[in-house]
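> Sequence plus predicted model, see below.
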Amino acid sequence: PTLVGFISGTQVVGYYVLADRVRLLAYSTITPISQALFPRLNSLFSSNKEEARSLYVRSAYFLLPISALISTSIFFASEWMVLLLAGNEFANSATLLKILAPAPFLVCASNLLGMQLLIPNGFGRLFNRVVTSVAVGSALSAFLLIYSFGAKGGAVSVVVTELVIAVAMSVAVWKFRTSIFNGAKNAV
């Protein structure tokens, strides 16, 4: 929001902040489950990989459809949500909310892959490298996108960042799938 306000002005940042708060509210519905899941999976991956896999798969089958439903609902109900939360004066926020709609699903997917799978299996450093690398690239792309497209560019930057993190986590899990699902902990 700060960069949007700096480049695009206070009125535009107001539209962006409303859409961003709805996005963050959507995250908050999934976060408690993820936070409760992490210590259990961390323990199970150390002691009982079979049970850990079972819990992980059940969790993914539960969380991914819920996050997809949340993202879809945000996309299709964005105008109504903005009207309900802020009135007609913030109608421009609905477009930003539509752009941000995929973010809850993408965050859930990257959380399942990174926090719930990579870290408990000893790939914490790899996880941190991915997140740090994407953050650096995101800062540059956010500036360019916001400079070129205003608040819409900021929203696109958030979604692209979350997409890149989810894809990078997927690639890491695929690359190390044998040691994650069959082998010992690693320190990559």
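Received the coordinates, thanks.
> For Ala94, see how far away Ala77 is.
9 Å (C-beta to C-beta, to the nearest Å). Heads up, the C-betas are built off the backbone N, CA and C, glycines and all.
> State the phi and psi torsions of Leu84.
Leu84 adopts backbone torsions of phi -70, psi -40, taken as degrees, to the nearest 10.
> how many neighbours does it have?
By other C-beta atoms under 10 Å, the residues close to Leu84 number 9.
> Repeat that for Leu24.
Neighbours of Leu24 using other C-beta under 10 Å come to 13.
> Check Glu50 too.
9.
> SS state for it?
Per DSSP: H, G, I helix; E, B strand; the rest coil, the secondary structure class of Glu50 is helix.
> Next one: it from Ser43, what distance?
From Glu50 to Ser43 the distance is 14 Å (C-beta to C-beta).
> Thr161 reaches Val134, doesn't it?
Yes - counting by C-beta atoms under 8 Å, Val134 is a contact partner of Thr161 at 6.1 Å.
> Name the residue in those two with the higher neighbour count.
Val134 (22 against 19).
> who are the neighbours in contact with the more buried one?
161, 164-165, 168 (C-beta atoms under 8 Å, 6 or more residues apart in numbering).
> Specify which residue of Ala77 and Ala94 has the higher count of neighbours.
Neighbours were counted for Ala77 and for Ala94 using other C-beta under 10 Å; Ala94 has more, 20 against 17.
> residues contacting Lys49?
181-182.
> Tell me the pLDDT of it.
pLDDT recorded at Lys49 is 89.
> And for Phe143?
So Phe143 comes in at 87 (pLDDT).
> Next: Ile7.
pLDDT, Ile7: 57.
> Could you pull out the helices in the chain for me?
2-8, 10-47, 49-86, 92-100, 103-113, 124-149, 151-175, 177-181 (DSSP state H).
> give me the low-pLDDT residue ranges for the chain?
By pLDDT under 70, the weakly predicted segments of the chain are 1-12, 183-188.
> Find the residue at the geometric middle of it.
Val107 (1.9 Å; C-alpha atoms, centre = their mean).
> Let me know whether that residue touches Val159 as I believe.
No - using C-beta under 8 Å, Val107 is not in contact with Val159; the gap is 10.2 Å.
> Which residue comes closest to Phe149 once chain neighbours are left out?
Excluding the flanking residues, the one nearest Phe149 by C-beta to C-beta, 6 or more residues apart in numbering is Val156, at 7.0 Å.
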